[in-house]
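Colleague: Sequence and predicted structure are below.
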Amino acid sequence: MVTALCFITAEPSRVSEIASQIASIPQVAVVYSVTGELDLVAIVQVPDLESVPTVVTDGIGSIIGVITTETHIAFRTYRPDDLGAGFSLGY
């Protein structure tokens with residue numbers, strides 16, 4: 001499973017509508033409305049790297065009102081529970 005973080009800039013008047021459309025894409029786990037230079041962050045989960053452009057470019061990027069996307073692939077996941085378990089095993 002590949003997890004990608006897609007940073008999205010959208011037309012200001014359409015952010016909520018665009019977020020709803022992105023959230024309806026099956027491979028999108030969650031969409032966050034954020035502060036700062038970006039408008040939305042979508043967490044994309046696909047079976048392989050080859051599937052990322054299908055979701056991001058063909059899916060998210062084709063939604064009317066999406067201005068730009070910037071996608072980052074996650075290498076590892078760090079959660080407090082995982083880190084604590086590793087330390088308790090002596091690693």
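Modeller: Alright, I've got the coordinates.

Colleague: what stretches of this protein score poorly on pLDDT?
Modeller: Where the chain drops to pLDDT under 70, the residues are 82-91.

Colleague: Tell me which residues touch the closest residue to Thr54 other than its chain neighbours, please.
Modeller: In this structure, Thr54 finds its nearest non-sequential neighbour in Val46, 7.8 Å apart by Cβ to Cβ, 6 or more residues apart in numbering. For the C-beta atoms, the positions are set from N, CA and C on the backbone; glycine is no exception. Counting by Cβ atoms under 8 Å, 6 or more residues apart in numbering, Val46 touches 1-2, 4, 27, 52, 54-55.

Colleague: let's go with 7 Å and repeat that
Modeller: 2, 27, 52, 55 (Cβ atoms under 7 Å, 6 or more residues apart in numbering).

Colleague: Any of those residues buried? List them.
Modeller: Listed as buried from the contacts of Val46 are 27, 52, 55; burial here means 16 or more other Cβ atoms under 10 Å.

Colleague: Pick the one among those residues closest to Thr71.
Modeller: Val52 (6.7 Å; Cβ to Cβ).

Colleague: which element is the closest one on?
Modeller: Using DSSP states H and E, Val52 sits in helix 52-53.

Colleague: quick one: contacts of that helix?
Modeller: Residues contacting helix 52-53 (Cβ under 7 Å, 6+ apart): 2, 4, 44, 46, 71.

Colleague: same thing but at 8 Å, please
Modeller: 2, 4, 44, 46, 71, 73.

Colleague: separation between the last one and Leu49?
Modeller: Okay, so that is Ile73. Ile73 is 7 Å from Leu49, where distance means Cβ to Cβ, to the nearest Å.

Colleague: list residues touching both of those two?
Modeller: Taking Cβ under 8 Å, 6+ apart as the contact rule, Ile73 and Leu49 both touch Val2.

Colleague: so what's Asp39 up against?
Modeller: 8-10, 12, 15, 18, 33.
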